[in-house]
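# give me coordinates for this.
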Amino acid sequence: MSTLRIKRGGKEISVAFDGAGLLTQVLREHGMMIATPCGGKGVCGKCRVRAEGALSAPTARERACLSPEEIAGGTRLACQTVLQGDAVVSVPDASDFMNIQLEGTLPEFPHHPMKGRYGLAADIGTTTLALRLVDLKRRALLKAAAAVNPQNGVAADVIGRIEAALNGEGKMLQALVTREIENTLQSLCADCGISSGEIGPAVMAGNTTMLYLLTGRDPTTLSRAPFAADCLFHLRTDGGALGMRSVAGVNICLPACVGAFVGADIVCGVLASGMCKRKDTAMLVDLGTNGEIALWHGGTLYCCATAAGPAFEGANIRHGAGSVPGAIDSVWVQGGRLAYTTMGGRKPVGICGSGLIDATAAMLKLGLVDETGLMEADEVFISDDIGLTQKDIRSIQLAKGAIAAGIKTICGHVGISAGQIETLYIAGGFGSHISVLNAVAIGLIPRELTGRAAVLGNASLTGAEMMLLNESYVESAAKLAHSAVSVPLGGSAAFAEHYMNSMMFD
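Take a look at the predicted model:
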């Protein structure tokens, strides 16, 4: 039996483990999650720790990610380091996500709340979890809270998590998310002076994969063609069935999904927007990792999902970061140079999604990158230590190209131009903080929609809250999901062409 001493946030604990073990796995088994956006392949470099003791030698992938000075100083990649005996590891302190989007515009609507005094609305995102505690009698929001989805420590995107589930880690993935939901809810209840036993109903939205993992379902059908989900939810369960003991008696509603890649989150977002109640053509884009798009035209809802990937969440970006204190969140040109702000006014520690879009637009304006994405320098520094490399710009092009191509493809499928869209609703945590003008400048959003964008905030969470306050919306959302036309992008020649063209900055 060996001992691992773990130092984090000024505290230290010691844990015992038997024999050799991968550092990320040993940490995970003792409740210490280390983000591995690349799924533990050792290519993103985001799981840096300082370690010493009986450790395996640095791997080739570590030597590719880390400088000789870093390795000499004890920096390792947790996903590549094998514990071979007693060791000490210093783990970065887990920063709270300051800008996880909890707010959303709650429209006017009739109230016929679900039964119970208090209700829980939850948005289970790929990267983050957002919860709202609602007083159903007073029809009032008590408090909201958020947390990082701990599944991110296994893989940053749904593909990586599906692979992990198929490799026998499904129960672990379920336990990670349910435990975090319980912990966050317990904190909410304590702050509001109520017990979790007083929670009556709950509505939990999320994309299709997140709901599969929440309920412990086998995601095989999501992993291979024809990608036809064998469960589109629109069902009720309870906390006990999901392994959440503190809310074992809570009646949990899992709203309907459209398909394997268009989930209940986009359905709840459409509900919150109210777009399907009007005659004009409207589009909703959730600018998250999965890039879900909904288009309302001629009385029909069309949906698609395009894999933007986690670049805008900080993965695959050298100095990428989530919405943490010190993340560069806005960039502009001032006096012929790049100026910036950081979250909380802290010293820069990285750059988040909104900052990436701003920085790219500013670099285009200064001629530091051309319309093809080619940079003149190896790295353009925004602050003294934080910059963007050529590889970063290529990752941004891939992400924004996927979203832009999805918009163009779904419009082409319906037979309209982007200019015919009267309102563009932007949803999601990341989408709520971007500059629309800069998103247009880099080609993420069609130029015709510059003055037509409306930011909804966390529309998925708002839709879930609306269902709590008017139970009939559960059925109306299900009818909407079942009647929606899914526009497949995989294998689409039109999407492939748009994707290639959309990677240009023009």
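
# quick one, helices of the stretch 151-300 of the chain?
With helices called from DSSP state H, counting those that start in this stretch, the stretch 151-300 of the chain shows them at 158-164, 170-192, 208-215, 220-223, 264-273.

# err, the chain, not the other one
Secondary structure of the chain (DSSP state H): helices at 23-29, 60-65, 68-72, 158-164, 170-192, 208-215, 220-223, 264-273, 353-366, 390-414, 436-441, 459-469, 472-483, 493-502.

# can you redo those helices as JSON lines with mean neighbour count?
From N, CA and C alone the C-beta is placed, and that goes for glycine too. Putting the helices of the chain into JSON lines (neighbours: other CB atoms under 10 Å) gives the following:
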{"stretch": "helix 23-29", "mean neighbour count": "20"}
{"stretch": "helix 60-65", "mean neighbour count": "15"}
{"stretch": "helix 68-72", "mean neighbour count": "11"}
{"stretch": "helix 158-164", "mean neighbour count": "20"}
{"stretch": "helix 170-192", "mean neighbour count": "18"}
{"stretch": "helix 208-215", "mean neighbour count": "26"}
{"stretch": "helix 220-223", "mean neighbour count": "16"}
{"stretch": "helix 264-273", "mean neighbour count": "30"}
{"stretch": "helix 353-366", "mean neighbour count": "25"}
{"stretch": "helix 390-414", "mean neighbour count": "22"}
{"stretch": "helix 436-441", "mean neighbour count": "20"}
{"stretch": "helix 459-469", "mean neighbour count": "28"}
{"stretch": "helix 472-483", "mean neighbour count": "17"}
{"stretch": "helix 493-502", "mean neighbour count": "17"}
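
# burial count for G21?
17 (other CB atoms under 10 Å).

# let me see the confidence value for it.
Here, the pLDDT recorded for G21 equals 81.

# tell me the bridge partners for the closest residue in space to it that isn't next to it in sequence.
Counting by CB to CB, 6 or more residues apart in numbering, G21 lies nearest to L83, which is 5.1 Å off, once chain neighbours are set aside. With DSSP bridges as the criterion, L83 is bridged to G21, L55.

# make 531 the first number, not 1, from now on.
Sure, I'll start numbering at 531, so the last one becomes L613.

# out of the helices of the stretch 681-830 of the chain, flag the one nearest S620.
helix 700-722 (22.9 Å; CB to CB).

# export that closest one as CSV, just CAs?
Extracted C-alpha coordinates of helix 700-722, given in CSV (Å, rounded to 0.1, in the frame of the first residue of the first chain):
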residue,chain,number,x,y,z
GLY,A,700,-21.0,4.7,-17.4
LYS,A,701,-21.8,4.3,-13.7
MET,A,702,-18.9,6.4,-12.7
LEU,A,703,-20.0,9.2,-15.1
GLN,A,704,-23.6,9.0,-13.7
ALA,A,705,-22.3,9.2,-10.2
LEU,A,706,-20.1,12.2,-10.9
VAL,A,707,-23.0,14.3,-12.2
THR,A,708,-25.6,13.2,-9.8
ARG,A,709,-23.3,13.8,-6.8
GLU,A,710,-22.5,17.3,-8.1
ILE,A,711,-26.2,18.1,-8.6
GLU,A,712,-26.9,16.9,-5.0
ASN,A,713,-24.0,19.0,-3.6
THR,A,714,-25.1,22.1,-5.4
LEU,A,715,-28.7,21.6,-4.4
GLN,A,716,-27.8,21.1,-0.8
SER,A,717,-25.9,24.4,-0.8
LEU,A,718,-28.9,26.1,-2.4
CYS,A,719,-31.3,24.7,0.1
ALA,A,720,-29.0,25.7,3.0
ASP,A,721,-28.8,29.3,1.7
CYS,A,722,-32.6,29.5,1.4
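
# mind listing the residues bridging to V664?
Beta bridges link V664 to G649, L671, judged by DSSP bridges.

# cool, R538 as well?
Beta-bridge partners, per DSSP bridges, of R538: K541.

# hmm, it is touching S620, no?
Yes. Applying CB atoms under 8 Å, one finds R538 in contact with S620, separated by 7.4 Å.

# re the thing from before, can I get the helices of the chain in CSV with distance to L831?
As requested, those are exported to CSV (distance: least, CB to CB, whole Å):
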stretch, distance to L831
helix 553-559, 40
helix 590-595, 44
helix 598-602, 50
helix 688-694, 22
helix 700-722, 28
helix 738-745, 16
helix 750-753, 22
helix 794-803, 7
helix 883-896, 27
helix 920-944, 11
helix 966-971, 23
helix 989-999, 14
helix 1002-1013, 6
helix 1023-1032, 19
